[in-house]
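Chemist: how does the following fold in three dimensions:
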Amino acid sequence: MIKAILVFNNHGKPRLSKFFTHYNEDMQQQIVRETFHLVSKRDDNVCNFLEGGSLIGGSDYKIIYRHYATLYFVFCVDSSESELGILDLIQVFVETLDKCFENVCELDLIFHVDKVHYILSELVMGGMVLETNMTEILTRSEEQNKLEKQEAGISAAPARAVSAVKNINLPNLPANIQLPNLPSFR
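Modeler: Presented below is the predicted three-dimensional model:
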């Protein structure tokens, strides 16, 4: 089972963190720091698997990561997960982001965090892998974008209606219209 998915830059600043096991916020920050220190001090030519740190579960857990340009993509998993399967999942995640954002960079993760979380939730939910087919994930993402555009159109409809009514040339109505006395409904 996947326990956590972390993405941080070369300086250790978290750009995405998703925990599938409950940790309080202080513990989550400590896990990110410890994971960054474990991963960042390794050479690029060494294996991308290592035993989990003391905070994430020790030897029962594994840290599987990939370093792309300025970002580390890290999956913290238990011993039941396949290291090569998780590496492939990281590759699918990065390639999907790349196709979604057309050459993804760190700023895309910062300014489009909702879209990144949506893509991630198409891949993994509750610590279990849901989908690894990139075209299926991209199709769902495009459908979500269409829905968001439709909702933006619907939410803008009242403002458009008010401006349309203001622009209608109505003849001047008489100012002193006499209304009959109506009984009150108390």
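Chemist: send the alpha carbons of the helix or strand harbouring residue 34 over as CSV?
Modeler: According to DSSP states H and E, residue 34 maps onto helix 25-40. The C-alpha coordinates for helix 25-40 follow below in CSV (Å, rounded to 0.1, in the frame of the first residue of the first chain):
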residue,chain,number,x,y,z
GLU,A,25,0.8,18.3,10.5
ASP,A,26,4.1,18.5,12.5
MET,A,27,4.8,14.8,11.8
GLN,A,28,4.0,15.3,8.1
GLN,A,29,6.6,18.1,7.9
GLN,A,30,9.2,16.0,9.7
ILE,A,31,8.6,13.2,7.3
VAL,A,32,9.0,15.5,4.3
ARG,A,33,12.3,16.9,5.8
GLU,A,34,13.6,13.4,6.7
THR,A,35,12.7,12.0,3.2
PHE,A,36,14.3,15.0,1.5
HIS,A,37,17.6,14.5,3.5
LEU,A,38,17.6,10.8,2.7
VAL,A,39,16.9,11.2,-1.0
SER,A,40,18.9,14.4,-1.8
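Chemist: model confidence over that helix, on average?
Modeler: For helix 25-40, mean pLDDT is 92.
Chemist: and the next helix or strand past that helix?
Modeler: strand 49-51.
Chemist: list the helices and strands that next one packs on?
Modeler: When contacts are defined as 3 or more Cβ pairs under 8 Å, 6 or more residues apart in numbering; DSSP states H and E, strand 49-51 sits against strand 61-68. Bear in mind the C-beta positions are built from the backbone N, C-alpha and C, glycine included.
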